[in-house]
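> my questions are about this predicted structure, shown below with the sequence.
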Amino acid sequence: MFDLKSIVRPNIWGLKPYSSARDEYSGKEAHTFLDANESPYNNPYNRYPDPLQRELKQQLAALKGVRPNQIFLGNGSDEAIDLVFRVFCTPGRDNIVTIEPSYGMYEVCADINNVECRKVPLNSRFDIVADSLLEVCNDRTKAIFLCTPNNPTGNTLDAGEIRKVLELFSGIVVIDEAYSEFSSQPIWRPEIDKYPNLIVLNTLSKAWASAGIRLGMAFAQSDIIALFNKVKYPYNINILTQHQAREILSRRPDVEDWIKLTINERLSLMYAVNELDICQQVYPSEANFFLARFKDANRIYNYLVDEGIIVRNRSRVKLCDDCLRITIGSPKENTTLLSALRRYYYN
Ligand code: PMP
């Protein structure tokens, strides 16, 4: 039922990609590189990075339980999101479907690429119903974007409904798992071998504490990854990022401690915020943030800004009236937030 060629933009399917100097030569024995018009000075930054990030992908493949040719690396997962549009969606013709509320870049990338974005509201439990998503698809729907745990609601989406979408939709299903390391629910990455239409997104920006280096990942069957590699900028991941990514990936025990600490802090902060009189509801979270509904969120937001504390005001987002999204910080930062909220409450 899934036919990759039939959903890829014809110009991309037929594209002859740019062939860089490092693509044309990648042997190990050479010692004199006079092929890329690089400077011979200031080693190693004088050299272009590996365009396919082979060493980093070897390390990631072992860690993530996939093969290197099932990994695409981008300048943040935002690059992978944009590539879904550039590879699959013909501007002015095709559309994508996503959920509302969710991560804003799906719609922004759709707008930039002149692709219609059809948004299906989540239900009262902030969950999806597969039939509602499938209902709005037509023969020009190239992709469905899902995010689990979802940003900004914090909950994971129903696995049975996701599976139904994967099985019944004949286009691409993107599952953005940017926050999955903080969740106790099963992840979708191991399912890429089973579903030829599945793309799973991960990032080093959240649990791996490396938002500053910009490294996002897409996992899918190798034919999809090959298309991404064809369209991406030739040297999209710089040497410093590749190096620092390998470094943080080797510090897995530290990262696991940070995740545990964040999950513990999430529990106590959510409990404490829920106790405040100014809080109407704290929504369940499987991420490193949570959504809470307040009495007059705008006023509380402005008060916190005056106190030098910035949370995310989501009040204008659909289904999120009076909601603030609060990132779990360090124990000290969380205490600072709580004492400020308690002072507001007593004022
Ligand atoms: N997906 C989701 C759900 C996010 O919330 C974010 C960032 N807030 C991203 C992707 C982008 O992450 P990156 O830093 O890898 O571009």
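Nice, thanks for sending it over. In this text the structure is predicted, and so the values were computed from the model without any measurement.

> and for the residue in the stretch 1-150 of the chain positioned nearest to the ligand, the neighbour number?
Residue of the stretch 1-150 of the chain nearest the ligand, by Cβ to the nearest ligand atom: residue 76 (2.5 Å). C-beta: built from backbone N, CA, C; applies to glycine. The number of residues packed near residue 76 is 20, by other Cβ atoms under 10 Å.

> could you do residue 203 as well?
By the measure other Cβ under 10 Å, the count of residues near residue 203 is 24.

> pretty sure it sits against residue 75.
No - under the criterion of Cβ atoms under 8 Å, residue 203 lies out of contact with residue 75, with a separation of 11.0 Å.

> which residues do these two both contact?
Taking Cβ atoms under 8 Å, 6 or more residues apart in numbering as the contact definition, residue 203 and residue 75 share the neighbouring residues 215, 216.

> pretty sure residue 23 sits in a helix.
Yes - according to DSSP: H, G, I helix; E, B strand; the rest coil, residue 23 belongs to a helix.

> quick check: chain neighbours aside, which residue is closest to it?
Leaving aside its chain neighbours, residue 23 sits nearest to residue 51 (5.9 Å; criterion: Cβ to Cβ, 6 or more residues apart in numbering).

> quick check, that neighbour in a helix?
No - inclusion of residue 51 in a helix is not indicated when three-state DSSP is applied; the result is coil.

> and it, backbone torsions?
With angles defined as degrees, to the nearest 10, residue 51 sits at phi -60, psi -20.

> residues in contact with it?
Residue 51 neighbours (Cβ under 8 Å, 6+ apart): 20, 22, 23, 234, 235, 236.

> buried subset of these as a ChimeraX selection?
Buried residues within the contacts of residue 51, as defined by 16 or more other Cβ atoms under 10 Å, are selected in ChimeraX through the command that follows:
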select :22,234,236
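
> tell me the one of the contacts of residue 51 nearest residue 285?
Ranking these by separation from residue 285, with Cβ to Cβ as the measure, puts residue 236 on top at 32.2 Å.

> just checking, the closest one touches residue 76?
No - the pair residue 236 and residue 76 does not pass the contact test of Cβ under 8 Å, sitting 10.4 Å apart.

> and for the spatially closest residue to residue 241 that is not a sequence neighbour, the neighbour number?
Counting by Cβ to Cβ, 6+ apart, residue 241 lies nearest to residue 213, which is 4.6 Å off, once chain neighbours are set aside. Look at residue 213: counted by other Cβ under 10 Å, it has 20 neighbours.

> what's the pLDDT at residue 213?
As predicted, residue 213 sits at a pLDDT of 98.

> what sits against it?
Residue 213 sits next to 204, 240, 241, 244, 245 when contact means Cβ under 8 Å, 6+ apart.

> Throw these into a markdown table and include pLDDT, neighbour count and distance to the ligand, thanks.
As requested, these are arranged in a markdown table below (pLDDT from 0 to 100; neighbours: other Cβ atoms under 10 Å; distance: Cβ to the nearest ligand atom, whole Å):
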| residue | pLDDT | neighbour count | distance to the ligand |
| --- | --- | --- | --- |
| 204 | 98 | 25 | 7 |
| 240 | 98 | 12 | 16 |
| 241 | 98 | 21 | 12 |
| 244 | 98 | 16 | 14 |
| 245 | 98 | 24 | 12 |
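
> from those residues, which land in helices?
Judged by DSSP state H, the subset of these located in helices is 240, 241, 244, 245.

> residues in contact with the residue of the stretch 1-150 of the chain closest to the ligand?
Applying Cβ under 8 Å, 6+ apart, we find residue 76 in contact with 203, 205, 214, 215, 216.

> the fourth one touches residue 238, doesn't it?
When you say that, I think you mean residue 215. No - under the contact definition of Cβ under 8 Å, residue 215 does not touch residue 238, with a separation of 10.1 Å.

> higher neighbour count, those two?
In this view residue 215 and residue 238 are compared by other Cβ under 10 Å, and residue 215 has more residues nearby, 28 against 15.

> who are the packing partners of the lowest-mean-pLDDT helix or strand in the chain?
Across the helices and strands of the chain, the lowest-confidence element by mean pLDDT, DSSP states H and E is helix 21-24, at a mean of 80. In terms of contacts (3 or more Cβ pairs under 8 Å, 6 or more residues apart in numbering; DSSP states H and E), helix 21-24 is not packed against any helix or strand.

> what mean pLDDT does the helix or strand just after that helix have?
Sequence-wise, the next helix or strand downstream of helix 21-24 (DSSP states H and E) is helix 54-64. Helix 54-64 shows a mean pLDDT of 97 in the predicted model.
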